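Q: What follows is a predicted structure for the sequence shown.
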Amino acid sequence: MTAKRPTISDVAASAGVSKATVSAVLNDSDTVKDATRDRVLTAIELLNYRPTQLGGRNAATRRDRAIGVLIKEYDNPYYAEVIAGARSVADARGYTLLVVSSEGEYAAEHKAVALLRGKDVDGLIATPVLDEHADLSHFFELKRRNVPFVLLEEVRGVRASIVDVDNVEASRRAVEHLFALGHTRVVHFAGPAYSAHSEERVDGVHRAFSSSHLAFTDDVIVRAGAHLADGYRAGLALFRRKGGAAAAEAPTGVTCYNDLVAIGLCRALRELGRRVPEDVSVVGYDDVPLCDYLAVPLTSMHVPKSEMGERAAEMLIRQIESKQPPAPEKVYLDAALVVRGSTGPPPAASGAAAPGAAAPAAPKP
């Protein structure tokens, strides 16, 4: 049986104030003295009290329970598996799952968090929009209101539970896979600025180069994005520039921020007459189901996406149903390299024409 949740009356009694004063603190009223505000906030934390948005229907009497999932890209199949994992746990525990997407925009994320809070969700699983300009006030507001949330990317300065993979180590292994095949001209198609994962994966590329005899230069990192079109555009731009007299400097191996970018790159290479993997080896990240069904199956870093959703939902529901404020948990799952047909030795090592050599005649139509 679920324990009775604390009410605003419990907070008021614990802090020695009226319910109106507690409400004023929750609504950031400037009529409350600092000492009184501190007493109320301390009582909220000690009691693990969470205000609802629905007037008289407090958490002790509500029968409907819901958790929200905030993602960044609707068109990324990565999130479909995360959501499926979270939903399996939510369904089993009697929670409805609500999903919204920020599409990588701060304003949309802020609005989505406010919307979910207004819908009185019991907690939130979030992949936040992050870069040096990110406005994270809405997450601090969740903390202030004692709304439980679990992050799928770490937010510096926000004390919260996290479920993630070690992106630095996984990215390092992806690059070292190409090094082990004999590639010496390797680049990385980085993700969007709003993703902390992108910078972590760039860090992994740095570490792989640092552990090798190869020099890391600025042109190793190619800013791409998170979508199919991003990989396609970045691929066309890079390999057109590295054609002709510059072909001897063209990369023979590329690791990508995610599988969508890798698939877009593969299309660009095909249009430019470059074969995968005979001319260019390509490594994705996430290992979405589509990787197995491409004309050239895609080598990728497998992220346990369903397990991430399951673990995040389990963690969140423990927070929601706890009588005491639980300590933040951090879980980092393993990402494993899945080798398929999109990676192989570089051209010279495989016996094909070395970069810069005369290209074979194109086949007749």
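A: Perfect, I can see it now. Numbering: from 1, shown residues only.
Q: how many neighbours does the nearest residue in space to residue 236 that is not next to it in sequence have?
A: Nearest residue to residue 236, sequence neighbours excluded (Cβ to Cβ, 6 or more residues apart in numbering): residue 268, at 4.5 Å. The C-beta positions use only the backbone N, C-alpha and C, and glycine is treated the same way. By other Cβ atoms under 10 Å, the residues close to residue 268 number 19.
Q: State the distance from residue 268 to residue 185.
A: Plainly put, residue 268 is 17 Å away from residue 185 if you go by Cβ to Cβ, to the nearest Å.
Q: so the residue nearest to residue 236 makes contact with residue 228?
A: No - Residue 268 lies out of contact with residue 228 (Cβ atoms under 8 Å); the separation is 10.4 Å.
Q: picking up where we left off before, tell me the confidence at the residue nearest to residue 236?
A: On pLDDT, residue 268 comes in at 97.
Q: In the helix or strand harbouring it, which residues are buried?
A: According to DSSP states H and E, residue 268 maps onto helix 259-271. Buried residues in helix 259-271, counting neighbours by 16 or more other Cβ atoms under 10 Å, are found at 259, 260, 261, 262, 263, 264, 265, 266, 268, 269.
Q: ok, and for stretch 221-230, which residues are buried?
A: Result for stretch 221-230 [16+ other Cβ under 10 Å]: buried residues 221, 222, 224, 225, 226, 227, 228, 230.
Q: average pLDDT for that stretch?
A: Rounded mean pLDDT across stretch 221-230 is 96.
Q: Next, the distance between the ends of that stretch.
A: By Cα to Cα, to the nearest Å, the extent of stretch 221-230 from end to end equals 14 Å.
Q: mind showing which ranges of this protein have poor pLDDT?
A: 1-5, 19, 26-30, 45-63, 131-135, 244-246, 349-365 (pLDDT under 70).
Q: At which residues are the strands of it located?
A: Using DSSP state E, the strands of the chain run over residues 66-71, 96-101, 123-126, 149-151, 161-165, 186-190, 221-223, 253-256, 281-286, 299-302, 330-333, 336-338.
Q: closest one to residue 213 among those?
A: Among those, strand 186-190 comes nearest to residue 213, with 12.9 Å by Cβ to Cβ.
Q: Paired strands for that closest one, with orientation please.
A: Note on strand 186-190: by DSSP bridges, its sheet partners are strand 221-223 (parallel), strand 253-256 (parallel).
Q: Make a markdown table from those strands and add distance to residue 340 to it.
A: Shown next, in a markdown table, are those (distance: least, Cβ to Cβ, whole Å):
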| stretch | distance to residue 340 |
| --- | --- |
| strand 221-223 | 22 |
| strand 253-256 | 14 |
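Q: so which of those gets nearest residue 94?
A: Here strand 253-256 is closest among those (Cβ to Cβ), at 39.5 Å.
Q: Tell me how far the closest one lies from the chain's centre.
A: Centre-to-centre, strand 253-256 and its host chain are 19 Å apart (Cα atoms, centre = their mean, to the nearest Å).
Q: can you check stretch 197-205 too?
A: The answer for stretch 197-205 is 12 Å, by Cα atoms, centre = their mean.
Q: what sits up against it?
A: 153, 167-175, 188, 190-192, 216, 220-221, 255, 257, 285 (Cβ atoms under 8 Å, 6 or more residues apart in numbering).
Q: how about residue 252, what does it touch?
A: By Cβ under 8 Å, 6+ apart, the neighbours of residue 252 are 183, 184, 185, 186, 279, 280, 281, 346, 347, 355.
Q: Nearest residue to the first one in space, please, no chain neighbours.
A: Counting by Cβ to Cβ, 6+ apart, the nearest residue to residue 183 once its immediate chain neighbours are dropped is residue 253, at 3.8 Å.
Q: Please look at the one you found and residue 276 and confirm they touch.
A: No - the pair residue 253 / residue 276 is not scored as a contact, 10.6 Å apart, by Cβ under 8 Å.
Q: Need the residues touching each of those two.
A: residue 282.
Q: mind giving me the domain ranges of the chain?
A: 1-62, 66-165+305-335, 167-303+338-349 (automatic domain parsing).
Q: so of the ones you listed, which one's packed in deepest?
A: domain 167-303+338-349 (a mean of 20; mean count of other Cβ atoms under 10 Å).
Q: How far does that domain sit from its chain's centre?
A: On Cα atoms, centre = their mean, the centre of domain 167-303+338-349 falls 19 Å from the chain's centre.
Q: How about stretch 160-168?
A: Using Cα atoms, centre = their mean, the offset of stretch 160-168 from its chain centre is 9 Å.
Q: Any chance you could list what contacts it?
A: Under Cβ under 8 Å, 6+ apart, the answer for stretch 160-168 is 139, 143, 149-154, 197, 200-201, 203-204, 207, 303-304, 308, 311-312, 315-316, 319, 328-335.
Q: Repeat the analysis, applying 7 Å as the threshold.
A: 149-154, 197, 200-201, 203-204, 207, 303, 308, 311-312, 315, 328-335 (Cβ atoms under 7 Å, 6 or more residues apart in numbering).
Q: residues contacting residue 123?
A: 67, 147, 148, 149, 316, 319, 320.
Q: residue boundaries of the helices in the protein?
A: Per DSSP state H, the chain carries helices over the ranges 8-15, 19-26, 34-47, 77-92, 106-118, 137-144, 167-181, 196-210, 228-241, 259-271, 305-321, 347-350.
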